[in-house]
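[1] what's the 3D shape of this:
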Amino acid sequence: METEPAAETFLESLDPTTEEVTGRFAATPTDEIPCRLERARGAQADWAQTPLSERARRLKGLAEAFRKRRREIAEAITRENGKPLVEALFSDVLVSLDSIRWHSRYAPRILAPERVGHQNPIFKGKKSRLEYDPYGVVAIIAPWNYPVAIPVTAVAAALAAGNAAVVKPSELTPRCGALLGELFAEARLPEGLLQVVHGSGEIGQALIEALPDKVFFTGSVATGRKVAEECGRRLIPSVLELGGKSASIVRADADLDGAARSAIAGAADSPSAIRRNRASARCWVTRTAPGVERTACAVSSGESPTPSRSTSTSR
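    Next up, the predicted model:
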C-alpha cells in the first residue's frame, strides 16, 4: 500500500499595519533538514581549505548582492516587519553590508596564525603557533525584529572563518527569509555552503537534532532555554542572545519630558513589537519628582507629554 506524501505547509507573511496576508511561502519539511546539513558539510570541507584571502574576496560578492538590492530589501522589511523604510535601511540593510565588508577586509588579518611565546622553562627551545580552525556547519536561528541584520552578521563571521551556514529565519518574517535565500544564491558561493530553511519551532528543533557544529540563536528566554538544553545534551557549542526589557530609572532631578519621550521611543523601537509583543518599557520614577503623574500617564498611553513651561523651546 502506497503512502501519500505529506501535504506541503506554508508560512504566511502578514502586513503588520493591516493584518492582511500578503504572501505564502513554502516551509521546509523537517525530514529534509539532515540532508541539508550533509550538503553544507560537504561544501564546508572544500571551503575550509580555501585560503583566507580568497574567502574574503568571495564575501565581496555577497556584499555586492546586498548593495544592488538594498532598496528592495528595506521595502520587504517594512512590508513585513513594520519598520519605517529609513529605519529598515539603516538598522538592517546597511548594518548587514557593513558587517560583510568588515569581515571581508579584516578577517585575513584577525584569523592569521600567530606565534605564541612560552613562559614555562620546560618548553624552552620549543616553538608554538596559534591557528584558527573552523567549527564546520553553523546553524543560525534568527528573530523577526531584525530579520536581515542579525542572521547576516552571523553568516559573515561564519563564512570568513571557513564554516558553512544554515539559516532559519523567523516564521513571522518568511518574506525576508525568502529574500535572504535569493541574495545568498546571487553571491555565487559554493553550492550548499549557505542555505536557508523555513519553518516554525519544529524546524529549529530538527536543525539541532541534525547535529550542527555550532548554534547561534536569537529570541525569547523561554525558547533560548530549550535551545540551551538541547545543545547541552548534545555538547554543541551555542551562542544565545535572549530577549528582555531593561527598566528605565528616572530620578527626581531628571528631565521628565525627555525621559518620557525616550521611554516611549524605546518601547516602540521596532514598531511591529507593539502588535506582536505588546512591548512596553518598565519605568521606575521617583515619586517626589515634580510632574511625575503627568509623565507616568504619557508613558502608559504612548503619547508624548505636553511640554511644561520650564521646557526650553529649543528642544
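
[2] I'd say Thr9 and Thr28 touch.
    No - with contact defined as CB atoms under 8 Å, Thr9 does not reach Thr28; the gap is 9.3 Å. C-beta here means a position set from N, CA and C on the backbone, and glycine is covered the same way.

[3] quick one, which of those two is more surrounded?
    Thr28 (19 against 13; other CB atoms under 10 Å).

[4] Spit out the residues that contact Thr9 and Thr28 alike.
    Common contact partners of Thr9 and Thr28 (CB atoms under 8 Å, 6 or more residues apart in numbering): Gly199.

[5] Just the helices from the stretch 201-315 of the chain, written as ranges.
    Under the criterion DSSP state H, counting those that start in this stretch, the stretch 201-315 of the chain carries helices at the ranges 201-209, 221-234, 256-267, 272-277, 292-301.

[6] where in the protein is pLDDT low?
    For the chain, applying pLDDT under 70 flags the ranges 1-7, 244-246, 266-281, 287-315.

[7] Can you give me the domain boundaries for it?
    Following automatic domain parsing, the chain resolves into domains at 10-113+131-242, 248-301.

[8] most packed of those domains?
    Stretch with highest mean neighbour count among the domains of the chain: domain 10-113+131-242 (a mean of 19; mean count of other CB atoms under 10 Å).

[9] what about that domain, how long is it end to end?
    Distance across domain 10-113+131-242, first residue to last, is 27 Å (CA to CA, to the nearest Å).

[10] Please list all residues in contact with the closest residue to Pro237 other than its chain neighbours.
    Excluding its sequence neighbours, the residue lying closest to Pro237 (CB to CB, 6 or more residues apart in numbering) is Lys214, at 4.9 Å. In this structure, Lys214 makes contact with 135-139, 163, 236-239, judged by CB under 8 Å, 6+ apart.

[11] hang on, Gly224 packs against Phe217?
    Yes - using CB under 8 Å, Gly224 is in contact with Phe217, at 6.0 Å.

[12] Quickly list what's touching both of these two.
    Leu240.

[13] what bridges to Leu14?
    Val21 (DSSP bridges).

[14] any idea how far Ile73 is from it?
    Going from Leu14 to Ile73 by CB to CB, to the nearest Å gives 18 Å.

[15] Kindly report the same for Trp144.
    On the measure of CB to CB, Trp144 and Ile73 end up 15 Å apart.

[16] And for Arg55?
    24 Å.

[17] Return the residues in contact with Ile33.
    197, 203, 206-207, 209-210.

[18] what's the helix or strand for it?
    Element membership of Ile33, judged by DSSP states H and E, is helix 33-49.

[19] Mind exporting the C-alpha coordinates of that helix to CSV?
    C-alpha atoms of helix 33-49 as CSV (Å, rounded to 0.1, in the frame of the first residue of the first chain):
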residue,chain,number,x,y,z
ILE,A,33,16.9,19.0,7.4
PRO,A,34,19.6,16.2,7.8
CYS,A,35,20.1,16.2,4.1
ARG,A,36,20.6,20.0,4.1
LEU,A,37,23.2,19.7,6.8
GLU,A,38,25.0,17.0,4.9
ARG,A,39,25.2,19.2,1.8
ALA,A,40,26.5,22.0,4.0
ARG,A,41,29.1,19.7,5.5
GLY,A,42,30.3,18.6,2.1
ALA,A,43,30.6,22.2,0.8
GLN,A,44,32.4,23.3,4.0
ALA,A,45,35.2,20.7,3.7
ASP,A,46,36.3,22.4,0.5
TRP,A,47,35.6,25.9,1.7
ALA,A,48,37.8,25.4,4.8
GLN,A,49,40.7,24.6,2.5
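
[20] Having no further points to raise, I will conclude here.
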